[in-house]
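Asks: here is the input, now give the coordinates:
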Amino acid sequence: METALIGSFISAMATVLGAVPILFIKKLSEKWKDILIAFTAGIMVSASTFGLMPQAIKESGIAGLIIGFIIGIFVLDQIENNIPHVDVENDSRVSSFDSKSLLVIIALFIHNIPEGLSTGFSYASNNEGLGPMVAISIGAQNIPEGLVLAVFLINSGVSKFRSLLIVALTGLMEVMSAVVGYFSASYIESLIGFGLAFAAGAMMFIVYKELIPESHGHGYERASTYSFILGLLAMVYISYLFA
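Replies: Residues are numbered from 1 along each chain as shown. Below you'll find the predicted structure:
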């Protein structure tokens, strides 16, 4: 349990790490933002394909993988459809911390729940290397997410240090849900395989719905493609180290 708690905390606090640059720079170039997002997408695809999905089959069979995978996609799809999404480009003119800003913060609290569950389920599995691998992949995804949220808050009139605090609080929701996922899977072992498949589906949805389109939307497709491949290979190597 202690290892799972530490891993989920580090993964969640990567959100804060992503927000730190706002203390020193006013604007991150679109090119480097796209490269970072694409690298994250590669990490998540690798973790899902070579880590979560094979272990889910071992735990619950191919049927368990398919069911959990589809549920993961469905849950993330519903979250994306029914809560506001942080779009810095479209919201850059927001000048006050209004009800819309509060709604976005609440939305990110909700959005972090399945990510935390993914980490918790992974640490509860019989594969000791899977937990750290998923924590790293979720943490990598949290870095650009933290940066985007921090920029949004600053554009909404929130101070830099208060923005960092809010980003940290959204990360703590991920830690809490990781604990819930870990204990649920530990006491009900049949949930582990479904949980891992759920995590894989959720990750794939994030990658293909959000990360890849975002990384290819500003004219830097070639650089983003190479960054995606590097991210995938980096996670393959990390998987090899934890195997």
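
Asks: from here on, contacts and neighbour counts on C-alpha atoms
Replies: OK.

Asks: for the longest helix along the chain, name the packing helices and strands.
Replies: Determined from DSSP state H, the single longest helix within the chain is helix 53-82. With contacts taken as 3 or more Cα pairs under 8 Å, 6 or more residues apart in numbering; DSSP states H and E, helix 53-82 sits against helix 190-206.

Asks: packing partners of the helix it packs on?
Replies: Secondary-structure packing of helix 190-206 (3+ Cα pairs under 8 Å, 6+ apart): helix 30-47, helix 53-82, helix 99-124, helix 160-187.

Asks: residues in contact with the first one: which ones?
Replies: Applying Cα atoms under 8 Å, 6 or more residues apart in numbering, the contact partners of helix 30-47 are 133-134, 137-138, 140-141, 144, 203-204, 207, 211-212, 214-216, 218, 220, 223-225, 227-236, 239.

Asks: which of those are buried, as a PyMOL select command?
Replies: A single PyMOL command selects the buried members of the contacts of helix 30-47 (16 or more other Cα atoms under 10 Å):
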select buried, resi 133+134+137+138+140+141+144+203+204+207+211+212+214+215+216+223+224+225+227+228+229+230+231+232+233+234+235+236+239
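
Asks: before we move on, back to that, and the angle for the longest helix of the chain with helix 190-206?
Replies: Interaxial angle, helix 53-82 versus helix 190-206 (axes from the mean of the first three to the mean of the last three Cα atoms, to 10 degrees): 60 degrees.

Asks: can you list the buried residues in helix 53-82?
Replies: For helix 53-82, by 16+ other Cα under 10 Å, it's 53-57, 59-60, 62, 64-66, 68-76, 79-80.
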